[in-house]
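1. Just a sequence and a predicted model for now, questions to come.
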Amino acid sequence: MLNPGLFKGLRAPGKGLLLYGPPGTGKTLIGKCISTEANATFFGISASTFGSKWFGDAEKIAKVLFQCARALQPAIIFIDEVDAILSKRKDIDGGCSTRLKNELLSNMDGVGTNSEDNVWVIGATNRPHQIDDAARRRFTKRVYVPLPDKEGREEIVLSLLAGEKHSLSGKDISTIAAAADGYSGADLKVVLQNAAMEPVRRLELSVEFATSEDVSIC
């Protein structure tokens with residue numbers, strides 16, 4: 001995407017990237033970082049983007065989305081929870097769902113085969129095996145985004161505490177990171193937010209609220 005002139009012919013990369021892994025590991029953030037590094041227009045969508053009560057609107061939205069991406073290329077179309085949109089086909093699938101899948105797959109084929117299009121499609125999912133086989137083939141690159149290790153958790157805690165007043169030492173942060181084995185970045189944020197609210201909760205418990213019986217009327 002940064003040097004499209006160098007990657008042509010046999011060097012031409014696929015334009016579909018699938019990020020998969022546990023929830024809260026930063027897949028959406030990775031997509032935004034890629035867009036920023038590539039100086040590309042970012043289109044973030046999810047299943048709700050295509051929600052409409054009008055017949056045929058979902059397919060029209062998908063078509064216009066790719067038209068806009070081509071007009072503003074280089075561009076990245078980021079599909080959050082892609083398994084909710086491009087799930088495995090079932091006999092009970094409605095006509096609208098099938099038409100939307102076909103429209104998306106057709107457009108993904110278009111940007112993937114046209115060398116003039118500098119448009120990438122990035123999908124994020126917690127359930128890669130729920131994605132339709134035809135859709136999974138369009139994501140030629142697949143990257144697993146794991147839960148952070150202890151060192152990674154320490155870095156996340158330090159990042160979340162940046163600019164905050166606290167009395168935690170390096171040893172304290174290391175202890176927190178060790179105790180949070182199996183936690184995602186999103187989980188660690190919730191833990192620190194709850195800890196930050198604890199003094200407020202204690203203050204509320206220590207305050208005596210006056211009742212109507214305590215107030216004398218002059």
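-> That came through fine.

2. going forward, measure contacts and count neighbours with C-alpha atoms only.
-> Fine.

3. Number of residues surrounding Glu116?
-> Neighbourhood size, Glu116 [other CA atoms under 10 Å]: 11.

4. Contact partners for the residue nearest to Ser174 when sequence neighbours are not counted?
-> Counting by CA to CA, 6 or more residues apart in numbering, Glu154 is the residue found nearest to Ser174 once chain neighbours are left out, at 6.3 Å. Residues in contact with Glu154 (CA atoms under 8 Å, 6 or more residues apart in numbering) are 173-174, 176-177.

5. Quick check, pLDDT for Arg202.
-> With respect to pLDDT, Arg202 scores 77.

6. ignore the last one, Asn118
-> pLDDT, Asn118: 86.

7. Each with direction, which strands does the longest strand seen in the chain pair with?
-> Longest strand in the chain by number of residues, with DSSP state E as the criterion: strand 119-125. If you go by DSSP bridges, strand 119-125 pairs up with strand 16-20 (parallel), strand 75-79 (parallel).

8. and Arg97, helix, strand or coil?
-> Actually, residue 97 is Ser rather than Arg. Three-state call for Ser97 (DSSP: H, G, I helix; E, B strand; the rest coil): helix.

9. mind listing what's buried in stretch 184-200?
-> Buried residues in stretch 184-200, defined by neighbour count with 16 or more other CA atoms under 10 Å: 184-185, 188-189.

10. got any ranges where this protein has weak pLDDT?
-> Under the criterion of pLDDT under 70, the regions of the chain flagged as low confidence span 1-14, 52-55, 90-95, 112-115, 206-218.

11. Tell me which stretches of it form helices.
-> 27-37, 57-71, 95-113, 133-138, 150-161, 170-179, 185-206 (DSSP state H).

12. Check which helices and strands the third one sits against.
-> This points to helix 95-113. Judged by 3 or more CA pairs under 8 Å, 6 or more residues apart in numbering; DSSP states H and E, helix 95-113 is in contact with helix 57-71, strand 119-125, helix 133-138.

13. okay, now the domains of this protein?
-> 4-144, 150-206 (automatic domain parsing).

14. tell me the most buried of those?
-> Ranked by mean neighbour count, these are led by domain 4-144 with a mean of 17 (mean count of other CA atoms under 10 Å).

15. mind checking how far that domain is from the chain centre?
-> Mean C-alpha position of domain 4-144 versus that of the full chain (CA atoms, centre = their mean, to the nearest Å) differs by 12 Å.

16. Identify the residues contacting Ala177.
-> Applying CA under 8 Å, 6+ apart, we find Ala177 in contact with 150-151, 153-154, 157.

17. which one of the helices and strands packed on helix 95-113 lies closest to Leu203?
-> strand 119-125 (41.3 Å; CA to CA).

18. Other residues contacting the closest one?
-> By CA under 8 Å, 6+ apart, strand 119-125 touches 15-21, 27-28, 31, 69-70, 73-83, 108, 111-112, 139.

19. Find the centremost residue of the chain, please.
-> Thr28 (2.4 Å; CA atoms, centre = their mean).

20. if I pick that residue, what's in contact with it?
-> Thr28 neighbours (CA under 8 Å, 6+ apart): 78, 80, 124.

21. Glu59 contacts Arg99, correct?
-> Yes: between Glu59 and Arg99 there is a contact under CA atoms under 8 Å: 6.7 Å.
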